[in-house]
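In: Here is my input; please provide its structure:
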Amino acid sequence: MSTLPVFETLQLELEGGISTLWLNRPDSRNALNLRMCHEITAACEALEQNEAVRVVVLRARGVAFCAGADLKERQGMSAAEMVARRVDGFTAYAALEALSKPLIAAVHGAAFGSGCEIAAACDFVLATSQAAFKYPEVGWGTVGATQRLPRIVGRRMAKELLFTGRTMDAREALQLGLVNHVYEPQEFDAAIAEMVERIAAANPLTVRLTKQSIDEGLDTTREGAMAIELVAIQRNLRHSDWQKAISTFGKKEKGDAAS
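Out: Residues are numbered from 1 along each chain as shown. Okay, the predicted model is just below:
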């Protein structure tokens with residue numbers, strides 16, 4: 001694919017194998033509307049097909065990562081229309097989750113409701129100390145976020161967070177496993193760059209197969225998971241230059257130690 005698609009609610013960039021997908025509704029605190037749902041799905045399709053993309057970072061313009069669903073859009077909807085709108089949201093989250101390439105969420109402000117779901121659909125999350133997370137669904141009289149959240153934080157904590165709708169700061173999110181690392185705002189861009197450059201330097205097929213093995217393996221038995229990994233190992237041996245990587249292992253170790 002020679003050119004990147006242009007969107008109304010998103011911005012897509014690509015440089016050196018690293019793609020940045022920006023949520024780009026800053027005036028609405030990046031609230032998730034129907035257009036953004038459709039464009040997230042389309043962006044994931046474009047990223048999947050673009051062989052130049054090795055790793056994707058999902059970021060947001062403005063003061064918030066994503067303040068949740070666009071409630072203004074939902075005013076006056078019937079029950080059937082509301083269900084259809086929720087399905088569009090689920091489709092967008094699923095598209096993020098199904099991306100075969102590494103997808104990292106970089107959260108710098110409020111990630112509420114749909115923002116939490118978007119972040120949870122990524123492979124892992126980096127955050128600034130100013131990030132905040134909240135699941136307000138129950139307080140809005142609706143049901144949501146009942147599947148990814150308990151798989152990350154466990155059944156009991158998920159129930160507490162959903163029943164109360166309380167806000168978590170970045171440090172608590174780190175303790176609960178919602179976030180992998182927390183950085184001060186002035187360190188954030190450099191930390192993201194270091195992380196994604198390290199991932200982008202790895203063999204794309206090996207990274208993709210590792211991601212697939214983890215995701216599919218967790219949804220089956222231990223025996224089934226081992227079979228999934230074995231198939232991935234065989235495919236990787238056939239299609240990657242693993243012998244070259246092993247031959248330079250000692251040199252890489254010495255280089256890492258020296259740095």
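In: Tally up the residues packed near residue 151, please.
Out: Neighbourhood size, residue 151 [other Cβ atoms under 10 Å]: 12. Backbone N, C-alpha and C define where each C-beta goes, glycine included.
In: Is it correct that it falls within a helix?
Out: Yes. Counting by DSSP: H, G, I helix; E, B strand; the rest coil, residue 151 is part of a helix.
In: In contact with residue 55, which residues are there?
Out: By Cβ atoms under 8 Å, 6 or more residues apart in numbering, the residues touching residue 55 are 17-19, 101-104, 196, 199-200, 207.
In: Distance check, it against residue 214.
Out: 16 Å (Cβ to Cβ, to the nearest Å).
In: Can you pull out the low-pLDDT segments for the chain?
Out: Across the chain, residues meeting the criterion (pLDDT under 70) sit at 1-2, 240-259.
In: one more time with 90
Out: 1-4, 71-77, 79, 81-83, 85, 140, 218-220, 222, 225, 227-259 (pLDDT under 90).
In: can you list the domains in it?
Out: Domain assignment of the chain by the TED database yields the ranges 10-200, 203-248.
In: deepest of those domains, which one?
Out: Highest mean neighbour count among these (mean count of other Cβ atoms under 10 Å): domain 10-200, with a mean of 18.
In: closest to residue 157 among the contacts of residue 55?
Out: Closest to residue 157 out of the contacts of residue 55 is residue 104 (23.1 Å), distances taken as Cβ to Cβ.
In: And the helices in the stretch 51-200 of the chain, which stretches?
Out: Remark: helices assigned in the stretch 51-200 of the chain by DSSP state H, counting those that start in this stretch are 71-74, 79-98, 114-120, 148-153, 155-164, 170-176, 185-200.
In: Same list, those helices, but as TSV with distance to residue 47 please.
Out: Listed next are those as TSV, based on distance: least, Cβ to Cβ, whole Å:
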stretch	distance to residue 47
helix 71-74	25
helix 79-98	10
helix 114-120	15
helix 148-153	20
helix 155-164	29
helix 170-176	26
helix 185-200	14
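In: Show me the one of those helices that comes nearest residue 39.
Out: The nearest among those, by Cβ to Cβ, is helix 79-98 at 8.4 Å.
In: Alpha carbons of the closest one, as PDB, please.
Out: This file holds the C-alpha atoms of helix 79-98, laid out as PDB (Å, rounded to 0.1, in the frame of the first residue of the first chain):
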ATOM      1  CA  ALA A  79     -33.200   0.400  22.200                       C
ATOM      2  CA  ALA A  80     -32.600  -1.300  18.900                       C
ATOM      3  CA  GLU A  81     -30.500   1.700  17.700                       C
ATOM      4  CA  MET A  82     -28.500   1.600  20.900                       C
ATOM      5  CA  VAL A  83     -27.800  -2.100  20.500                       C
ATOM      6  CA  ALA A  84     -26.600  -1.500  16.900                       C
ATOM      7  CA  ARG A  85     -24.400   1.300  18.100                       C
ATOM      8  CA  ARG A  86     -22.900  -0.900  20.800                       C
ATOM      9  CA  VAL A  87     -22.200  -3.600  18.100                       C
ATOM     10  CA  ASP A  88     -20.300  -1.000  16.100                       C
ATOM     11  CA  GLY A  89     -18.100  -0.300  19.200                       C
ATOM     12  CA  PHE A  90     -17.500  -4.000  19.800                       C
ATOM     13  CA  THR A  91     -16.500  -4.400  16.200                       C
ATOM     14  CA  ALA A  92     -13.900  -1.600  16.500                       C
ATOM     15  CA  TYR A  93     -12.500  -3.100  19.700                       C
ATOM     16  CA  ALA A  94     -12.300  -6.500  18.100                       C
ATOM     17  CA  ALA A  95     -10.500  -5.100  15.100                       C
ATOM     18  CA  LEU A  96      -7.800  -3.600  17.400                       C
ATOM     19  CA  GLU A  97      -7.500  -6.900  19.300                       C
ATOM     20  CA  ALA A  98      -7.300  -9.000  16.100                       C
END
